[in-house]
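Trainee: Here's my sequence, what's the structure:
(chains A and B)
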Amino acid sequence: MNTINRSRRQFIKNAGALALGSALPVSLVELAFAESSQNFSFAYISDAHIQHIKDNRFVRNWDRGLIRAVAETNLLVPKPDFVVFGGDLAQLGNKPELDHGAEILSGLKYKIHYVMGEHDYYLDLGEYWQELFGPQYYSFDHKGVHFIALNSILTYDEWTHNRWPTDEQRMLEMAMLDNPNGSPFMVGAEQLLWLKKDLARIDSATPIVVFSHSPLQKIFKNWNFWTEDAEQVQALLQPFNKVSVIYGHVHQIQYNQVGNISFNSVMATAWPWPYPPTYAHAEQYLPKLIVPMNRADPFFERDGTGWQLINLGNGNVDMEYLLYNNRGRSVRYHREQNRPEDVDFQHESARIPPQIHY
Amino acid sequence: MSHYQKKTKVLGLALLVLAVAGPRPTQADEFTEADVQRWQRQFMSVANEGRRLWTSAELGNNGVACVQCHPNASNTHPETYPKFQQQLGKVVPVWEMINWCIRNPLEGQPLAADDPKMTALQAYITYERRGVKLEPGKH
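Mentor: The predicted structure follows:
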């Protein structure tokens, strides 16, 4: 069995370095392996939005979300092969935020792969981020899977280079999700060319996993749950038998299947976002397949946030959402239906009232 | 301007003063399209001020703005208030919930119920829900 044995999930108390004098509940996930040489898992942490206030002060709420993800990920047994950070480490892309975020993430005991988010990028066009974390897009191979990280939050050159009086202004404009003066995300011609070359050497039977910050599908332009050249990226990926795209940015549970490509979103550690249909005045294309996350209760500071453990044992993504103030969710690839499905809530009759958004 | 025109203007002004000051029993409900447009502009200027506050850091002390969690004021549901908030243990109007958010995620000072800023915030979030049916008490 290649899936997480959730019956063995348990709470542990006063775990090692985390001992705080009182009971600290930490979700511990154990994997059940059949052919341990082939199976592996990785953790996915995203959208921390570390926000600088002044001097050495940062928004406590967002800090806590990331700190908790790091602490819990370090307690995983067995250990994940690596961790991905899915973008938007910073809120306004400045050095104090990126440094503070990097310092918190440095507590992880695993190799980290980074994805660029728009909040990391639009102050200095990713310069300092690149200095800290490396190239803005890249690929690597791991245990028979080809992984690709894209910078999917680029946009039109005119918007980026010729529209704003200062870099700070440009960052503020892109940071506001519902800004009518914003601009749609895109991968862009240069990366599309690179992607084509990168994929040319890969056998079509090799599972492909793509990390992007924005969804590589068009869901809701108003909040940039959107990638302008998504069709071109998808066209390059379709020839492969098993393709998975994992994206951040949306701060909510989403999943979809387009041809051979599975899409899975990850949660934020900072705060949750409403689903697109909750705004009555803009067109949206939220995939019908999605069983939404619970509506967050603001009285619980960490509700609607969390991190993910991903099992890739079969070459498809099985996504386990570890939610700080809420029951976990499992969205796994269904081999008969050939699409991701929620393990507990997929059927209409299984839904619960908090999953109704309006 | 002739003497006659001046006289008419003075008389007109006097009538206007009377009309404003005293009762106008026969014309109480009459207003023009221009009035409607002017009132709508008044509303929109307050709603726009609400949008400005919604997207600015000035309501709180930690730089956080309402829009960070509530793009287009989504998930604020002004059409469902007053409603029971289990964490407060009572039925509250929407401005109490707005103050809860100002105090907690924004780490700011609550506004008076009739503070023009509070009026502006309510005008904005309600405007974003225009056309959505009223469902007081809904969860």
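Trainee: wait, doesn't A:P96 sit right on A:Q51?
Mentor: No: A:P96 lies out of contact with A:Q51 (CB atoms under 8 Å); the separation is 9.8 Å. Bear in mind the C-beta positions are built from the backbone N, C-alpha and C, glycine included.
Trainee: what helices or strands is the lengthiest helix in chain B leaning on?
Mentor: With DSSP state H setting the assignment, residue counts place helix B:33-54 as the longest helix in chain B. For helix B:33-54, the elements it packs on are helix B:116-128, judged by 3 or more CB pairs under 8 Å, 6 or more residues apart in numbering or on different chains; DSSP states H and E.
Trainee: hmm, back to that, check which helices and strands the helix or strand that the longest helix of chain B is followed by is in contact with.
Mentor: Sequence order places strand B:83-85 as the next helix or strand after helix B:33-54, per DSSP states H and E. With contacts defined as 3+ CB pairs under 8 Å, 6+ apart, the secondary structure elements packing on strand B:83-85 are strand B:90-92.
Trainee: One more pass at 10 Å, please.
Mentor: Strand B:83-85 sits against strand B:90-92, helix B:94-103, with contacts defined as 3 or more CB pairs under 10 Å, 6 or more residues apart in numbering or on different chains; DSSP states H and E.
Trainee: Ends of stretch A:325-336, what's the gap?
Mentor: 32 Å (CA to CA, to the nearest Å).
Trainee: Kindly provide the whole-number mean pLDDT of that stretch.
Mentor: Taken as a whole, stretch A:325-336 carries a mean pLDDT of 95.
Trainee: what residue ranges in the chain score low on pLDDT?
Mentor: You didn't say which chain, so I picked chain A. In the predicted model, chain A carries pLDDT under 70 at residues A:1-38.
Trainee: oops, I was thinking of chain B
Mentor: B:1-27.
Trainee: swap the cut-off to 80 and go again
Mentor: Within chain B, the stretches with pLDDT under 80 are B:1-29, B:87.
Trainee: Tell me how many other residues surround residue 126.
Mentor: Let's take chain A. Neighbour count of A:G126, defined by other CB atoms under 10 Å in any protein chain shown: 20.
Trainee: wrong chain, I was asking about chain B
Mentor: The burial count for B:T126: 18, using other CB under 10 Å.
Trainee: can I assume it is in contact with B:W95?
Mentor: No: using CB atoms under 10 Å, B:T126 makes no contact with B:W95, being 11.4 Å away.
Trainee: Overlap in contacts, the two.
Mentor: B:P78, B:Y81 (CB atoms under 10 Å, 6 or more residues apart in numbering or on different chains).
Trainee: For the stretch 201-350 of chain A, which segments count as strands?
Mentor: A:208-212, A:243-247, A:255-258, A:261-265, A:306-311, A:318-323, A:329-334, A:339-342 (DSSP state E, counting those that start in this stretch).
Trainee: mind giving me JSON lines with these and columns for distance to A:V59?
Mentor: Below are the strands of the stretch 201-350 of chain A laid out as JSON lines (distance: least, CB to CB, whole Å):
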{"stretch": "strand A:208-212", "distance to A:V59": "26"}
{"stretch": "strand A:243-247", "distance to A:V59": "24"}
{"stretch": "strand A:255-258", "distance to A:V59": "30"}
{"stretch": "strand A:261-265", "distance to A:V59": "23"}
{"stretch": "strand A:306-311", "distance to A:V59": "18"}
{"stretch": "strand A:318-323", "distance to A:V59": "21"}
{"stretch": "strand A:329-334", "distance to A:V59": "26"}
{"stretch": "strand A:339-342", "distance to A:V59": "32"}
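Trainee: a markdown table please, covering the ones you listed and showing distance to A:L132 and mean neighbour count.
Mentor: Listed next are the strands of the stretch 201-350 of chain A as a markdown table, based on distance: least, CB to CB, whole Å; neighbours: other CB atoms under 10 Å in any protein chain shown:
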| stretch | distance to A:L132 | mean neighbour count |
| --- | --- | --- |
| strand A:208-212 | 17 | 26 |
| strand A:243-247 | 21 | 26 |
| strand A:255-258 | 31 | 19 |
| strand A:261-265 | 25 | 25 |
| strand A:306-311 | 21 | 25 |
| strand A:318-323 | 26 | 23 |
| strand A:329-334 | 31 | 21 |
| strand A:339-342 | 32 | 21 |
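Trainee: the helices in chain A, which residues?
Mentor: A:60-74, A:95-105, A:118-121, A:127-133, A:157-162, A:167-175, A:189-200, A:230-237.
Trainee: For the residue most central in space within chain B, give me its contacts.
Mentor: By CA atoms, centre = their mean, chain B has its centre lying nearest to B:A123, at 3.8 Å. The contact partners of B:A123, by CB under 10 Å, 6+ apart, come to B:F43, B:M44, B:S45, B:V46, B:A47, B:N48, B:E49, B:G50, B:R51, B:P78.
Trainee: And the furthest pair within those residues?
Mentor: Greatest spatial distance in the contacts of B:A123: B:S45 and B:P78, 19.0 Å, computed using CB to CB.
Trainee: Neighbour count for those two, which is higher?
Mentor: More crowded of B:S45 and B:P78, by other CB under 10 Å: B:P78, with 22 against 12.
Trainee: I figured B:E135 hits B:P82, correct?
Mentor: No: applying CB under 10 Å as the test, B:E135 and B:P82 come out as separate, 11.6 Å apart.
Trainee: Tell me who's in contact with B:P136.
Mentor: Applying CB under 10 Å, 6+ apart, the residues near B:P136 are B:E79, B:T80, B:Y81, B:P82, B:K83, B:V91.
Trainee: Next, count neighbours for the last one.
Mentor: Counted with other CB under 10 Å, the burial measure for B:V91 works out to 13 neighbours.
Trainee: ok, now A:A205?
Mentor: Neighbours around A:A205, by other CB under 10 Å: 10.
Trainee: got a list of what it touches?
Mentor: Contacts of A:A205 (CB under 10 Å, 6+ apart): A:G144, A:F240, A:N241, A:K242, A:G315.
Trainee: how about those residues in a markdown table, adding neighbour count and distance to chain B?
Mentor: Shown next, in a markdown table, are those (neighbours: other CB atoms under 10 Å in any protein chain shown; distance: CB to the nearest CB, whole Å):
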| residue | neighbour count | distance to chain B |
| --- | --- | --- |
| A:G144 | 12 | 40 |
| A:F240 | 18 | 34 |
| A:N241 | 12 | 37 |
| A:K242 | 20 | 34 |
| A:G315 | 18 | 36 |
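Trainee: which residue sits closest to the residue nearest to the centre of chain B, ignoring its sequence neighbours?
Mentor: Spatially, and ignoring its direct neighbours in sequence, B:A123 is nearest to B:A47 (4.2 Å; CB to CB, 6 or more residues apart in numbering or on different chains).
Trainee: my guess is the one you found meets B:Y124, correct?
Mentor: Yes: counting by CB under 10 Å, B:Y124 is a contact partner of B:A47 at 4.9 Å.
Trainee: Looking at those two, which is more packed in?
Mentor: B:Y124 (24 against 21).
Trainee: Can you give me the distance of the more buried one to A:A296?
Mentor: 21 Å (CB to CB, to the nearest Å).
Trainee: still on that earlier bit, only the buried subset of the contacts of B:P136, as a ChimeraX command please.
Mentor: Listed next is the ChimeraX selection for buried residues among the contacts of B:P136, using 16 or more other CB atoms under 10 Å in any protein chain shown:
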select /B:79,80,81,83
